[in-house]
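Here is my input; please provide its structure:
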Amino acid sequence: MPILVDSRYRLLDYRGLTACTPNESEVEQALGVRINDDLRTLEHAGREVLATTRMQAVLITRGGRGYAVLPYAATGVRCTQRLEVLARNPLEEQVVATPAIVDGGIILRSRTNVYRVGN
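Numbers count the residues shown, from 1 in each chain. Alright, predicted model coming up:
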């Protein structure tokens, strides 16, 4: 059974779950780094969260700058030696719930719609 955690500043307290969904400031606080718009730092921080927590995936939300999904490519970001934006998917409305990672896709819910991004 997949278990997704949204820990609110207790990110590194959880181990071995399916995925976590911290925002960028939570990752920065947990690791003592500043990401800003540095995609290398973002990727390194995401991989450090994965290694420390032993989770299968991390979805880092970045406010108006989108999100990053590690360790594999999901719609939005490809993680290789260099971070590469594959697509931008403006929803035209605010996401109001924690995104869920399911079978290689991301489920997003707004006030009026549910979206699946990915295969």
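
Relative to residue 71, how far out is the most centrally placed residue in the chain?
Central residue of the chain (CA atoms, centre = their mean): residue 59, 1.2 Å from the mean position. According to CB to CB, to the nearest Å, residue 59 stands 11 Å off from residue 71. For glycine as for every other residue, the C-beta is placed from the backbone atoms N, C-alpha and C.

cool, and residue 8?
From residue 8 to residue 71 the distance is 23 Å (CB to CB).

next one: residue 65
20 Å.

now residue 95
22 Å.

which residues in this protein form strands?
4-5, 19-20, 57-61, 67-70, 77-79, 83-85, 100-102, 105-109, 114-118 (DSSP state E).

strand partners of the fourth one, parallel vs antiparallel please.
Read it as strand 67-70. Strand 67-70 pairs in its sheet with strand 57-61 (antiparallel), by DSSP bridges.

And the partner strand, how far out from the chain middle?
Relative to its parent chain, strand 57-61 has a centroid offset of 2 Å by CA atoms, centre = their mean, to the nearest Å.
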